[in-house]
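Asks: Any chance you can model this:
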Amino acid sequence: MFQRFDTARASRRISFCIDCLLNQSISASSLDDVVPYFKTEPGLPQIHLEGNRLVLTCLAEGSWPLEFKWTHNDSELTTYTSEYKYVIPSLQRLDAGFYRCIVRNRMGALLQRRSEVQVAYMGDFTDAEERRVVSEGRAAVLSLPPISSCPRPQVTWFRDGHKIIPSSR
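Replies: A predicted model of the protein is given here:
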């Protein structure tokens, strides 16, 4: 009438059930984990004026903590930190190139498409007067002094304060 209670067997079952519950909670939390993904991707090349402040942002989501790293022309600029922005206080010509954000969490890492940054600048040039004497009705060819700039400058010639209309002659 009375059954014998096997304590060793019961202990194994309890231990097995606790392991099952732990494994279920671990696998349930890993199901909640989200690999990093980008909310936006870089677009066309950006042109920024030399000397201006530039802020690059890496808008990503995924399970926290997210960590971000920045590269410039495939050289590491930062180590992994929680900062999703990269700030250049005063943009210089050497800052032109390709930037990339890398985001990671415990689920993995993801590289953003490269973002091209161009730096607009106007180098110094000499304002030398050039005088040409030409017969009426004849064309004169005016040479442009070399100008270091980005983007290429648009040049307009003036005579006595009036714009000279270019011709194909």
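Asks: Could you pull up the contacting residues of the closest residue to Thr126 other than its chain neighbours?
Replies: With CB to CB, 6 or more residues apart in numbering as the criterion, Thr126 has its nearest non-adjacent residue at 5.9 Å, and that residue is Pro145. (Glycine included, C-beta is placed from N, CA and C.) Residues near Pro145 by CB atoms under 8 Å, 6 or more residues apart in numbering: 125-126, 128.
Asks: for Pro36, same thing?
Replies: Contacts of Pro36 by CB under 8 Å, 6+ apart are 60-62, 66, 103-105, 107-110.
Asks: For it, which non-adjacent residue is closest in space?
Replies: Per CB to CB, 6+ apart, closest to Pro36 is Gly62, 3.7 Å.
Asks: With Ile165 as the reference, measure out to the one you found.
Replies: For Gly62, the distance to Ile165 equals 59 Å [CB to CB, to the nearest Å].
Asks: tally of neighbours for Arg93?
Replies: The tally of other residues near Arg93 (other CB atoms under 10 Å) stands at 13.
Asks: Apart from its chain neighbours, what residue comes closest to it?
Replies: Val119 (5.2 Å).
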